[in-house]
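In: Fold the following and give me the result.
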Amino acid sequence: MSLVSPYQQSETLSPHPPAEALELSARHLDRMMGVDSGAASLAEKLGGGVVGGVGGVSGLQDRDYPAVGGSGPESLALRQGVKVTRVPLPAELVEHFGHMQCNCSMGLFTGVERAWLTIDSDIYVWRYEDGGDLAYFDGLADTILNVAMVTPKPGILQPHIVHLLALSTPVEIVLLGVSFSGEEMQLVPEPLFTLPADQLHTSCLVGGVGGRIFMGGRDGHLYEFCYQHQEGWWGKKTTKVCHTSSNLAWILPGFLGSFAEEDPLVQIVIDNTRNILYSRSEKGTVGVFDLGKDGQSMERVVNITAQKLVEEASRLAATVETGNLKPIVHLAVVPVDEDQMIHLVALTGGGARLYLTTTTSSTDTRPNTLRLLHVRLPPGFSPSAPPQRPVKVHSGFYRSGLALLAASPAEAADVLWVVWSGTMPQGNTVMEGQATVPVEGHAWAMDEVVSTSKLDNLFLSSFSGRSAPCAATQHCTNARKLVVLSAQGAIMVEPGRPVDCLRQLLLDCGGPDSEAVQSYWALQGPEQATATALVLATSQAIVDRQVADWATRAFIILGGEPRLVYPGPTPGPPQYLSPGQQSFNPAIMSTPSPTYSTMGYHPAPHAEVQFSPRHNGLYLYLSRLLRPVWAAPLLSGPPDAPKSALSLPQLSALMSQLH
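Out: Below is the predicted model of the structure:
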């Protein structure tokens, strides 16, 4: 697949004055930036069913997963590369497993690059990258049920307390202060806030923006842990509020609650870009809560049962067995910068993704419903796919088009399915690659380590608030990294960017002179492939020296050639006609032509140059280097006291890319 039309621009074959040549180059850069800006949104790629509101299904065609099951050069060119690093648990922790009495749980704090393990009433926290900086807390007398790392409310705690570690037990919920001394994490041993559980057995904990702390109960209710610096009514600094029963429920004894069958809340996720909270129960019921425009209120919107979601999904995917569409095992937010129309993704036990929205029309500003828009099936359902597919998926992860599915085809070991579109050819449909990673034992937790760049805000602004395509920022961003935690340790999974896949392809093929590399150029589109090759060709890394030479050769060999294009039909030789002279051509006409009264000259039209993919790819690469500042003002402030609109770190990051 090739993005042809945006690149096919012609210029007359004549020299340009310097000023005009500069203007021409600027127009080329604008055109190439338009190629990246014009990339289809997630809703547009999923098809008219999403945009029109009638729903749709994908994953049933070979083009949805083009690299599945193939062994030829095209499949090799589209192969999803994944770098896997395994780090064992700290040796000290392994010893403690033998002393465990009844309860054990594991999780991740990717925001501070830590993993945690609870054994009965003790919690251990360590750095998952290398197993170092092991810290522990044993100040609780009861079994720890749930753990969360939350942001404290502003203005309440000392500045050195940057996070709060929330721990819930059957008796109480405590908040511990977390600070950092260099790279070392330190826990304040005395709890800063304590809330009596009052018969609340939590099943999940999560922190929100502004310091709010939400708790899911085994009774199926949603609670909030409210805390303040000064003592409030009745001398309390902490209170518990139930958001899913009457307004007075928080002051009533626990035994007066609902007598309905319990359905514990097992997951809470918050969309901080829209201020919407979602909950998932053990039986798959999905709840929607409006936190208000300022994120500080709470209103229950709707609850949708798993049965209704499965029925709607089965209606859209009528040819697929219903067992592949249930149960609901994970919820993931789709923020505004990823898509305006799609708000939530639900992963199922069969590996399917259900794309949902919380509005009935594009003009709605607050959530008022929960509607299924699209069903995306996992690899294995297309006609030419091999029989392997995700089965018995028990947990998952989704963010910015990257899905991770933890499947348990066997009791003793899990298999991770990595599904991503970031390395596939750009187009108007969702085309994804996939890879599998074996796990020793059970995958307890998974999350992404979100790395930030100094140019992130500039790129976001240049794309009008939309996330940039992976190909447009691969020259200045690292590969995405996910962490999966098991009883054997941490697994770092890094799906490759387009530049990483091209690097590996050149290494596997020993250079650009292979069918697989040629297929890469044909499938990605020669302009996109050329721009990616230039990222490698300009690399200053010593380990990339050989690859840089190969990428340069590929740029030259596969970059194509310019073409001369003549407008209209191909002209014939010029004709000179004198007054009264007749033109006669028996192959064309059988009667004499009319008499011309004047001499006419019909010159050949000017030939135009259609630029080569090498030329357009070079401009595409340059447009990505300059994009953060190309259309943005470089100065701000009054005319008599201007200042740079860019910070020094931003300028340094930009200049490092240009040098």
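In: So which residue is smack in the middle of the chain?
Out: S400 (1.6 Å; Cα atoms, centre = their mean).
In: any idea how far it is from L523?
Out: For S400, the distance to L523 equals 23 Å [Cβ to Cβ, to the nearest Å]. In short, each C-beta sits where N, CA and C put it, glycine included.
In: and L265, how many neighbours does it have?
Out: Number of residues near L265 (other Cβ atoms under 10 Å) recorded here: 25.
In: if we can go back for a sec, give the closest residue to the residue nearest to the centre of the chain in space, chain neighbours not counted.
Out: Leaving out its chain neighbours, the residue that sits closest to S400 by Cβ to Cβ, 6 or more residues apart in numbering is E338, at 5.7 Å.
In: where are the low-confidence patches of the stretch 151-300 of the chain?
Out: 230-236, 246-260 (pLDDT under 70).
In: All the strands of it, in order from the start?
Out: Secondary structure of the stretch 151-300 of the chain (DSSP state E, counting those that start in this stretch): strands at 163-168, 172-181, 184-187, 193-196, 202-207, 213-217, 222-227, 238-242, 265-271, 276-281, 286-290, 299-304.
In: tell me the most buried of the ones you listed?
Out: Across the strands of the stretch 151-300 of the chain, the average number of neighbours (mean count of other Cβ atoms under 10 Å) peaks for strand 213-217, which reaches a mean of 25.
In: how about V125, what does it touch?
Out: By Cβ atoms under 8 Å, 6 or more residues apart in numbering, V125 lies in contact with F109, R114, A115, W116, L134, A135, Y136, M185, L187.
In: repeat that with 7 Å
Out: Taking Cβ atoms under 7 Å, 6 or more residues apart in numbering, we find V125 in contact with R114, W116, A135, M185.
In: Helix or strand: which one has it?
Out: strand 122-127 (DSSP states H and E).
In: how far off strand 172-181 does that strand point, in degrees?
Out: Here strand 122-127 runs at an angle of 30 degrees relative to strand 172-181 (axes from the mean of the first three to the mean of the last three Cα atoms, to 10 degrees).
In: Pull up the pairing partners for strand 122-127, direction included.
Out: strand 114-119 (antiparallel), strand 135-137 (antiparallel) (DSSP bridges).
In: Any stretches of the protein with poor pLDDT?
Out: Residue ranges of the chain with pLDDT under 70: 1-16, 48-53, 68-71, 97-102, 230-236, 246-260, 568-605.
In: Mind jotting down where the helices sit in it?
Out: Remark: helices assigned in the chain by DSSP state H are 18-37, 42-46, 48-52, 73-77, 91-96, 306-316, 456-462, 470-473, 498-509, 515-524, 526-537, 545-557, 613-630, 648-658.
In: burial of S623, as a residue count?
Out: 21.
In: What spatial separation is found between it and A39?
Out: Counting by Cβ to Cβ - S623 and A39 are separated by 13 Å.
In: quick one, what contacts V393?
Out: V329, L347, G349, G350, G351, L405, A406, A407.
In: Repeat that for L534.
Out: L534 touches F555, G617, L618, Y621, counting by Cβ under 7 Å, 6+ apart.
In: Out of these, grab the one that's most surrounded.
Out: Busiest of those [other Cβ under 10 Å] is G617, holding 28 neighbours.
In: Pull the contacting residues for that one.
Out: Applying Cβ under 7 Å, 6+ apart to G617 gives the contacts P526, E527, T530, A531, L534, G559.
In: G559 is in contact with the third one, correct?
Out: Yes. Applying Cβ atoms under 7 Å as the test, T530 and G559 come out as touching, 5.4 Å apart.
In: Could you check how far the nearest residue to S539 once chain neighbours are set aside is from A541?
Out: Residue nearest to S539 in three dimensions, not counting chain neighbours: A548, with 5.3 Å by Cβ to Cβ, 6+ apart. A548 is 8 Å from A541, where distance means Cβ to Cβ.
In: And those two? Which one has more around it.
Out: Higher neighbour count among A548 and A541: A548, with 20 against 9, using other Cβ under 10 Å.
In: In JSON lines, list the contacts of G617 along with distance to L167.
Out: What follows is the contacts of G617, written out as JSON lines (distance: Cβ to Cβ, whole Å):
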{"residue": "P526", "distance to L167": "56"}
{"residue": "E527", "distance to L167": "54"}
{"residue": "T530", "distance to L167": "54"}
{"residue": "A531", "distance to L167": "49"}
{"residue": "L534", "distance to L167": "51"}
{"residue": "G559", "distance to L167": "59"}
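In: who touches both of T530 and G559?
Out: Common neighbours of T530 and G559 (Cβ under 7 Å, 6+ apart) are P613, R614, G617.
In: If we ignore the residues flanking it in sequence, what's nearest the second one?
Out: When you say that, I think you mean R614. Nearest one to R614, counting by Cβ to Cβ, 6+ apart, is G559 at 2.7 Å.
In: burial of the one you found, as a residue count?
Out: Around G559 there are 21 residues (other Cβ under 10 Å).
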